[in-house]
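> Need a 3D model of the sequence below.
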Amino acid sequence: SLLSTESHKSYRPLTTLIFHLEYSNFGFRAKHMKAINLLLHCINTLLVWQLFRKLRFETTDYNQVAAVAATIFAMHPVHTEAVCGVVGRAELIFCTLYLVALLLTYQRACLGACTDVLIILLTAIGIFFKETAITIPSACIFLELAKSQVFIHPWQAQLKFIWSFRNAVYAIATVTIIIFRLWLQDFQIPHFKPMDNPIALSDDLLTRILSQNYLYAINW
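All right, here's what the predicted structure looks like:
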């Protein structure tokens, strides 16, 4: 229960529902579950490729840049780890929603206000797959900022962009979703046990620092 003092407050009902449906139809077999993870990772790789094609860097061969970026994304251990572990389904679906929202940012000229509604909807759905989906609107704002290159304009123009009506809607929606998510857990913070994260709860500061930086080094 989310209200239990022993709960770590992780609430991902849509991820759990997908696992339940898979179990009901295919049984508890890691092979097909990892196959679905791989399929999602392939979809995410294609979305990354499409996103980088739209970014159109200062090069004549932006398709090659997109291909290299997608290849690195596909092979990086941070991403392949989510494919190997069945529980990585939450990260994979969250990533799909995240990339779709970023691509929608590029379609605003065609879809208009519907784009913002879809992005907020993806955020609201995404938090029930993985809580970090709450960052989707912020990422869309930063992408729009980079795409319009408003940062090269005077600070008055930058402030006008930052305090635009669309960004205000994103901010209000984000705060509303956060409050709703906290309400589900009765505004209680999680209390982790040593077995949940032994490194973070180590008494030795040096152990915590070296262990955390080891993860950065090995992934690099």
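> List the buried residues for the helix ranked longest in the chain?
Longest helix of the chain, by residue count under DSSP state H: helix 30-55. Neighbour counts over helix 30-55 (16 or more other CB atoms under 10 Å) mark 33-34, 36-37, 40-41, 44-45, 47-49, 51-52 as buried. Backbone N, C-alpha and C define where each C-beta goes, glycine included.
> Now do the same for Tyr11: helix, strand or coil?
Three-state call for Tyr11 (DSSP: H, G, I helix; E, B strand; the rest coil): coil.
> Any figure for the gap between Lys130 and Ile141?
20 Å (CB to CB, to the nearest Å).
> do the same with Phe161
9 Å.
> shared neighbours of those two, which are they?
Asn167 (CB atoms under 8 Å, 6 or more residues apart in numbering).
> Who has more neighbours out of those two?
Ile141 (19 against 16; other CB atoms under 10 Å).
> May I ask which helix or strand encompasses that one?
Per DSSP states H and E: Ile141 is located in helix 136-148.
> Now do the buried residues in that helix.
Ile136, Pro137, Ala139, Cys140, Ile141, Leu143, Glu144.
> where are the low-confidence patches of the protein?
1, 5-6, 57-60 (pLDDT under 70).
> how about the helices in it?
13-26, 30-55, 62-75, 77-84, 89-106, 108-111, 113-126, 136-148, 155-162, 165-184, 205-219.
> burial of Phe129, as a residue count?
24.
> so it makes contact with Leu97?
Yes - with contact defined as CB atoms under 8 Å, Phe129 and Leu97 form a contacting pair (7.1 Å).
> residue contacts, the residue lying closest to Glu131 once chain neighbours are set aside?
Nearest residue to Glu131, sequence neighbours excluded (CB to CB, 6 or more residues apart in numbering): Arg181, at 7.0 Å. Shown in contact with Arg181 (CB under 8 Å, 6+ apart): Tyr11, Ile127, Glu131, Ile134.
> which two in the residues you listed are spaced the farthest apart?
Comparing all pairs in these by CB to CB, the longest separation belongs to Tyr11 and Ile134, at 12.6 Å.
> who has more neighbours, the two?
The neighbour comparison of Tyr11 against Ile134 (other CB under 10 Å) goes to Ile134, with 18 against 15.
> Roughly how far does the residue nearest to the more buried one when sequence neighbours are not counted sit from Leu206?
Of all residues beyond its chain neighbours, the one nearest Ile134 is Ile127 (5.7 Å), with distances taken as CB to CB, 6+ apart. Distance, Ile127 to Leu206, using CB to CB: 36 Å.
> how about the buried residues of helix 136-148 in TSV, adding distance to Tyr214?
Below are the buried residues of helix 136-148 laid out as TSV (distance: CB to CB, whole Å):
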residue	distance to Tyr214
Ile136	30
Pro137	33
Ala139	28
Cys140	33
Ile141	34
Leu143	32
Glu144	36
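> which one of these sits closest to Tyr62?
For these, the closest approach to Tyr62 (CB to CB) belongs to Leu143, at 16.2 Å.
> Pull the contacting residues for Ile120.
The contact partners of Ile120, by CB under 8 Å, 6+ apart, come to Pro137, Val169, Tyr170, Ala173.
> how about a cut-off of 6 Å?
With contacts defined as CB atoms under 6 Å, 6 or more residues apart in numbering, Ile120 is in contact with Ala173.
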